[in-house]
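# quick check, what structure comes out for this input:
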Amino acid sequence: MEEVKKKQPVPVSVVKEILGRNEPDSMDQIQRWTFDYVSKFGKVDHDSAKVMMQRLVGECDLTEEEAVEIVNILPTTMTELRSFTFGWKKLILAETLEKILKILKENS
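Okay, the predicted model is just below:
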């Protein structure tokens, strides 16, 4: 088993890409379940997810964890986006929410 070198939040599509490098026969049961889950629920490819994450963190002042949540869900309306950001307990201006939606639209 490999030593953990760094812990970092990553979108579902990045997990799919990482696990997809392995042969299914070499995966343990948890890895196979995880790969099955991320294959079904990953909404964008890993390159697009990484671009969205970088832009959300850099341009919208989101944390990596917040960016991962948004990229995994890919909200398409202001109402959907507000329902997620409301739980973060920080004020996000309407113009920033609009920018988030624009980034998601441009990269998905």
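# domain-wise, how is this protein divided?
Domain assignment for the chain by automatic domain parsing gives 12-41, 46-107.
# could you dump those into JSON lines and include distance to Val4?
From N, CA and C alone the C-beta is placed, and that goes for glycine too. Shown next, in JSON lines, are the domains of the chain (distance: least, Cβ to Cβ, whole Å):
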{"stretch": "domain 12-41", "distance to Val4": "14"}
{"stretch": "domain 46-107", "distance to Val4": "17"}
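# which of these is buried the deepest?
domain 46-107 (a mean of 16; mean count of other Cβ atoms under 10 Å).
# give me the mean pLDDT for it.
The average of the pLDDT scores along domain 46-107 is 94.
# and the helices in this protein?
12-19, 29-41, 46-60, 64-73, 78-85, 94-107 (DSSP state H).
# surely Thr76 meets Leu101?
Yes. Judged on Cβ atoms under 8 Å, Thr76 makes contact with Leu101 at a distance of 7.4 Å.
# what sits against Gln8?
Glu64 (Cβ atoms under 8 Å, 6 or more residues apart in numbering).
# before we move on, the earlier item: what about the domains of the chain, which gets the closest to Lys5?
The closest of the domains of the chain to Lys5 is domain 12-41. By Cβ to Cβ, the value is 13.4 Å.
# got the contact list for Glu64?
Gln8, Pro9, Met53, Val57.
# looking at the residues you listed, which is nearest Phe41?
Nearest member of these to Phe41, counting by Cβ to Cβ, is Pro9, at 16.1 Å.
# from Tyr37, how far off is the closest residue to that closest one other than its chain neighbours?
In space, and not counting its chain neighbours, Pro9 is closest to Val68: 4.4 Å by Cβ to Cβ, 6 or more residues apart in numbering. Per Cβ to Cβ, to the nearest Å, Val68 is found 15 Å from Tyr37.
# equivalent analysis for Lys102, please.
On the measure of Cβ to Cβ, Lys102 and Tyr37 end up 29 Å apart.
# neighbours of Lys43, just the number please.
Lys43 has 15 neighbours, counted by other Cβ atoms under 10 Å.
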